[in-house]
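*Asks:* What shape does this take:
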Amino acid sequence: FTIRPYLSFAAKLDDGLPHTLPQSLPVPAHDENILYPQHEVDFRLFDDEDIPQEGARPLARSSIDRCLTEELIHNTIHMYRLDRKDCASRLINLQLKTKVPLEYMIVEAVFTQLFHLPSPPHKPLFYSCLLVELCKLSPSTFPQVLAQATVLLYARLDSMNVTCMDRFSTWFSYHLSNFQYRWSWEDWKEVVGMDETEPKRLFVKDMLEKVMRFSYRDHLLDTLPDEFAELMPPETIPRYKYGKESSTPASDTARKLVNAIKDKAQASDLQAILDQLDGTADAELKLEVFSQVMLQVGSQSFSHSYGAVAKLRPLLKELITTDDDRAVLLRNVGEFWTNHHQLMTVLIEKLIRAGVADSKAAITFLFSDAMKENFCSFFPWEILNQTIQSLIMLADQLVEKLANAKQDLRKSKEVDNRNALDMVSDDTQQLEKEVDGLHTDVDNAAENIKRLFLLLFQRFVLVIQEHMEEQKSKGDQKGKKSLWVRCVMERMQQILTAHRDHTQKYIRSLDNLIFTDDVDRRILSLYKRCKVIAATRCYCRDPVVA
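*Replies:* Numbering: from 1, shown residues only. Here you go, the predicted structure:
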């Protein structure tokens, strides 16, 4: 059905004089300033037998018709991405619906983009909203096709990249929340008896934890089969160290602090109560008591937690003076909200933005022994990605401020020149000081990003090698039985490729300090592949290994 205007001139073309092409065509020289097209692997989800026989038949996998149809769908998504309803309407009403299995091709195209590595072309939430709109516009056909795609993706979880597993569980949890959590749960009962490290069981557990962010635990327990209760996350009850049953000097001080905060005492009064621990406690215990009290006071809700951090921030900053103190603070956040990963995540981000914690403390906390057992889950990496993005966003904001300040300075100098001033005006002097200060801030931000990535990959190498040695001691000589190693290796790969614009700047430091010859060959092999990807500025988007 592709338009082929040259067929009208087939007779003339047949009688025409053919031209002999040269045996070899000259290849243009490489130019580092050119961004070359990405090499991409076509993502195929449906086989011919997955599509009903009574409808339009799928196009041949390598045909030009299929290529052009997929390109049309991708272009439609890109052009109308700002309005999900308009985008869904235009997709579902494409004039090709009588010639191709359009719903199947749309679903394949959407998941192609959603699972694009290292990052999808648009925000993942857009694709979730788009699929919801498509289901509403075509309720008789599209939900069935989407359900079929979900079943096929679930079947491929054993070989799916963990980043794509994350996106799959995030999309599915959001989709369920829009359709009353209806699903054929009986088909997934197999995960109940699986080992904790099985990919399908991990997927269902992560998905249910994300579903809880749209609902509440009791409602989900009523909706799901009884067997799924063991896969549900625990009740989001805080773990406060200094409850009524505790009778230590620290717990007595904690109770006094709670009462004083409720009575709206001043920071000096709170400090006086903490000073009562001088005879029995060191600085770390003081910080622990105060951190636990702050978390307990704000434990009723997200807004209460934000309010407690904002109110107690001045005194908290006085208590935190070293990197170890920041690590103690985040460790207490992790212990207090060990059953509420979402609140743990947003509180760590809040504390970093408030200036009482930093990215180094976050990495120290995430790679601590207590967190290693959660590395197959999604939330530690949610915290890590959020920490990296916050630091990069701050650096980008400073660069933008510096560019604006330079522009203002140039305009101010032009005004001085037009006025023929012998001396630099006060405005120009002020702007010069501002530019100098912003230059320093930008340099410091760049150095912080460099330190972040060096520390991060150092911790990655250490924990992976430690785990491999542990596996060898248990009889797994190659460490292949460990899903934990696979998850952590793929998380490291995701960060190396997703932030390649930054890691490329520090590639020599990474080579000389982190990924040295004494590192395990599997880690080095992954790192070298990522280096090639970063150097060529392209990445394959094959999300599922068949």
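
*Asks:* who are the neighbours in contact with Ser482?
*Replies:* Residues near Ser482 by C-beta atoms under 8 Å, 6 or more residues apart in numbering: 197, 467-468, 471, 476. To be clear about C-beta, it is placed using only N, CA and C from the backbone, and glycine gets the same treatment.

*Asks:* how about those residues, which pair is most distant?
*Replies:* Across the contacts of Ser482, no pair lies farther apart than Thr197 and Met468, at 15.4 Å, counting by C-beta to C-beta.

*Asks:* residues of stretch 67-84 that come out buried?
*Replies:* 69-70, 72-73, 76-77, 80-81, 84 (16 or more other C-beta atoms under 10 Å).

*Asks:* ok, now stretch 504-519?
*Replies:* 506, 510, 514-515.

*Asks:* can you list the residues that contact it?
*Replies:* With contact meaning C-beta under 8 Å, 6+ apart, stretch 504-519 is reached by 450, 453-454, 457-458, 461, 465, 503, 523-524, 527, 531, 534-535.

*Asks:* What is the burial count for Gln132?
*Replies:* Rather than Gln, residue 132 is Val. By other C-beta atoms under 10 Å, 18 other residues sit near Val132.

*Asks:* And the one 3 residues further on, by the same measure?
*Replies:* Residue neighbour count, defined by other C-beta under 10 Å, stands at 20 for Cys135.

*Asks:* Spit out the contact partners of it.
*Replies:* Cys135 makes contact with 142-143, 146, 179, according to C-beta under 8 Å, 6+ apart.

*Asks:* Turn those into JSON lines, columns for distance to Ser169, secondary structure and neighbour count.
*Replies:* Shown next, in JSON lines, are those (distance: C-beta to C-beta, whole Å; DSSP: H, G, I helix; E, B strand; the rest coil; neighbours: other C-beta atoms under 10 Å):
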{"residue": "Phe142", "distance to Ser169": "21", "secondary structure": "helix", "neighbour count": "21"}
{"residue": "Pro143", "distance to Ser169": "19", "secondary structure": "helix", "neighbour count": "18"}
{"residue": "Leu146", "distance to Ser169": "15", "secondary structure": "helix", "neighbour count": "20"}
{"residue": "Phe179", "distance to Ser169": "16", "secondary structure": "coil", "neighbour count": "12"}
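
*Asks:* Point out the least confident one among the buried residues of stretch 504-519.
*Replies:* In terms of pLDDT, the lowest of these is Tyr506, showing 90.

*Asks:* Just the ones of the contacts of Ser482 in helices?
*Replies:* Mapping the contacts of Ser482 onto helices (DSSP state H) picks out 467-468, 471.

*Asks:* And the strands in the stretch 401-546 of the chain?
*Replies:* Under the criterion DSSP state E, counting those that start in this stretch, the stretch 401-546 of the chain contains no strands.

*Asks:* Do you have the helices of the stretch 101-250 of the chain handy? List them.
*Replies:* Secondary structure of the stretch 101-250 of the chain (DSSP state H, counting those that start in this stretch): helices at 102-114, 124-137, 142-155, 162-178, 199-211, 217-223, 249-262.

*Asks:* Pull the distance from the third one to the chain's centre.
*Replies:* In this view, helix 142-155 has its centroid 24 Å away from the chain centroid, taken as C-alpha atoms, centre = their mean, to the nearest Å.

*Asks:* Extract the C-alpha set from it and format it as CSV.
*Replies:* Taking C-alpha atoms only, helix 142-155 is exported to CSV below (Å, rounded to 0.1, in the frame of the first residue of the first chain):
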residue,chain,number,x,y,z
PHE,A,142,-7.2,-1.9,22.5
PRO,A,143,-7.4,-3.2,26.1
GLN,A,144,-7.2,-6.8,24.8
VAL,A,145,-4.1,-6.1,22.7
LEU,A,146,-2.5,-4.3,25.6
ALA,A,147,-3.3,-7.2,27.9
GLN,A,148,-1.7,-9.6,25.4
ALA,A,149,1.4,-7.4,25.2
THR,A,150,1.6,-7.5,29.0
VAL,A,151,1.5,-11.3,29.1
LEU,A,152,4.2,-11.5,26.5
LEU,A,153,6.4,-9.0,28.4
TYR,A,154,5.9,-10.9,31.6
ALA,A,155,7.0,-14.1,29.9
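
*Asks:* Quick one: residues contacting the closest residue to Arg331 other than its chain neighbours.
*Replies:* Spatial nearest neighbour of Arg331, excluding adjacent residues (C-beta to C-beta, 6 or more residues apart in numbering): Phe365 at 5.9 Å. With contacts defined as C-beta under 8 Å, 6+ apart, the neighbours of Phe365 are 327, 330-331, 334, 348, 371.

*Asks:* cool, Leu391 as well?
*Replies:* Leu391 makes contacts with 359, 445, 448-449, 452, as judged by C-beta under 8 Å, 6+ apart.

*Asks:* swap in Ile352?
*Replies:* Ile352 neighbours (C-beta under 8 Å, 6+ apart): 358-359, 362, 387, 390.

*Asks:* what's next to stretch 383-390, contact-wise?
*Replies:* 344-345, 348-349, 352-353, 359, 362-363, 366, 452, 456, 495, 499.

*Asks:* Out of the residues you listed, who's the most crowded?
*Replies:* Among those, Ala362 has the most neighbours (other C-beta under 10 Å), with 26 neighbours.
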